[in-house]
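Engineer: Structure here, sequence nowhere to be found:
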């Protein structure tokens, strides 16, 4: 019986409830996908709790992988039985999901669907950071934060693959171990960033900073850059950066600052296919390790939310219908 997990009204993890789903028919340009696994992301806890307003009842979820069960008129690039993934779905906490075909990315042989569900959002984010927002070259010195996090671990692996030197931060010894396993060259506490950057670059500064923390690290990030260096602010885990005087970028050495988002780096089917081939290709070849921190039955989505909100998990949490 097709089903979904929805939120009848805003609340805690217990607000997530199973509900029956009428099996939809794909319209023109759409796929009906039988869901194999769903990636759990913090945004869904904000939507569930009411921090981010949504219209209730609400089925969370944007990231999943599965098998095409039916195709709508006009779909030529996918067929029944194809394995696909996406970070751009709606209502992915379900056994079946309608998805625009142009938002689907093919999952290659050699990548299981649970792993595939854990890749798109964080993997494609790391990919656009390294290859589009600032194109990292061999020999660049890069500063990142939260090197044991979902994006952080994938980002480090991709940076090392192109020959960069990676400085990253963690908050515990266990997280430092995970960051080092991902390939980071220098793993330090947040208070050690300035001294480490100065030592590693001999006072020159790093070429680029990838900052997903925001308010708490912004000043450190600016100070770490070389002349004409680039600060990529791609998140605000500690809060949003307050307005500041752009003239400071001039005085600090003609610095660049940008605030990108994933949606602007998945503009069309060709761009999605490129990132999908690159990222899933690395996973299939064993060149990119995806860490799954927990697998839960879809009906236990509330437990997954509670574990995620505890901040005690490492790796991606995945729901399985």
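Structural biologist: Structure's in. What do you need? None of these values were measured; they are calculated from a predicted model.
Engineer: what sits against residue 92?
Structural biologist: Applying Cβ atoms under 8 Å, 6 or more residues apart in numbering, we find residue 92 in contact with 35, 38, 59, 60, 61, 62, 63, 64. Quick note: C-beta positions are derived from backbone N, CA and C, even for glycine.
Engineer: between the residues you listed, which is closest to residue 185?
Structural biologist: When the contacts of residue 92 are ranked by distance to residue 185 (Cβ to Cβ), residue 63 comes first, at 30.0 Å.
Engineer: Ramachandran coordinates for that closest one?
Structural biologist: Dihedral angles phi and psi of residue 63 (degrees, to the nearest 10) take the values phi -120, psi 120.
Engineer: can you give me the helices in the stretch 1-150 of the chain?
Structural biologist: Applying DSSP state H, counting those that start in this stretch to the stretch 1-150 of the chain gives helices spanning 42-49, 113-117, 120-128, 150-161.
Engineer: Save the contacts of residue 92 as JSON lines, and put in pLDDT too.
Structural biologist: Formatted as JSON lines, the contacts of residue 92 follow (pLDDT from 0 to 100):
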{"residue": "35", "pLDDT": "98"}
{"residue": "38", "pLDDT": "98"}
{"residue": "59", "pLDDT": "98"}
{"residue": "60", "pLDDT": "98"}
{"residue": "61", "pLDDT": "98"}
{"residue": "62", "pLDDT": "98"}
{"residue": "63", "pLDDT": "98"}
{"residue": "64", "pLDDT": "98"}
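Engineer: What about the residues you listed, which one has the most neighbours?
Structural biologist: Comparing those by number of neighbours (other Cβ atoms under 10 Å), residue 38 comes first, having 32 neighbours.
Engineer: So what's the gap between the lengthiest helix in the chain and the chain middle?
Structural biologist: Longest helix of the chain, by residue count under DSSP state H: helix 269-284. How far helix 269-284 lies from its chain's middle: 14 Å, per Cα atoms, centre = their mean, to the nearest Å.
Engineer: in stretch 210-217, what counts as buried?
Structural biologist: Neighbour-count burial for stretch 210-217 flags 210, 211, 212, 213, 214, 217 (criterion: 16 or more other Cβ atoms under 10 Å).
Engineer: In the residues you listed, find the pair that's most separated.
Structural biologist: Counting by Cβ to Cβ, the most remote pair of the buried residues of stretch 210-217 is 210 and 214, 12.0 Å apart.
Engineer: For residue 178, which three-state class applies?
Structural biologist: helix (DSSP: H, G, I helix; E, B strand; the rest coil).
Engineer: was I right about it contacting residue 153?
Structural biologist: Yes. With contacts counted by Cβ atoms under 8 Å, residue 178 reaches residue 153, the gap being 6.7 Å.
Engineer: neighbour-wise, which of these two wins?
Structural biologist: Each of residue 178 and residue 153 has its neighbours counted (other Cβ under 10 Å); residue 153 has more, 29 against 21.
Engineer: do you know how far the more buried one is from residue 54?
Structural biologist: When distance is defined by Cβ to Cβ, to the nearest Å, residue 153 is 29 Å away from residue 54.
Engineer: With residue 21 instead?
Structural biologist: For residue 21 relative to residue 54 (Cβ to Cβ), the value is 18 Å.
Engineer: Those two: who's more crowded?
Structural biologist: Per other Cβ under 10 Å, whichever of residue 21 and residue 54 has more neighbours is residue 21, with 18 against 15.
Engineer: which residues sit in contact with the more buried one?
Structural biologist: Residues near residue 21 by Cβ under 8 Å, 6+ apart: 2, 3, 4, 94, 95, 96.
Engineer: For PyMOL, what selects the buried ones among the residues you listed?
Structural biologist: Buried residues within the contacts of residue 21, by 16+ other Cβ under 10 Å, are selected in PyMOL with:
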select buried, resi 3+4+94+95+96
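Engineer: would you turn the contacts of residue 21 into JSON lines with pLDDT and distance to residue 193?
Structural biologist: JSON lines is the format used below for those (pLDDT from 0 to 100; distance: Cβ to Cβ, whole Å):
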{"residue": "2", "pLDDT": "95", "distance to residue 193": "50"}
{"residue": "3", "pLDDT": "98", "distance to residue 193": "47"}
{"residue": "4", "pLDDT": "98", "distance to residue 193": "44"}
{"residue": "94", "pLDDT": "98", "distance to residue 193": "42"}
{"residue": "95", "pLDDT": "98", "distance to residue 193": "45"}
{"residue": "96", "pLDDT": "98", "distance to residue 193": "46"}
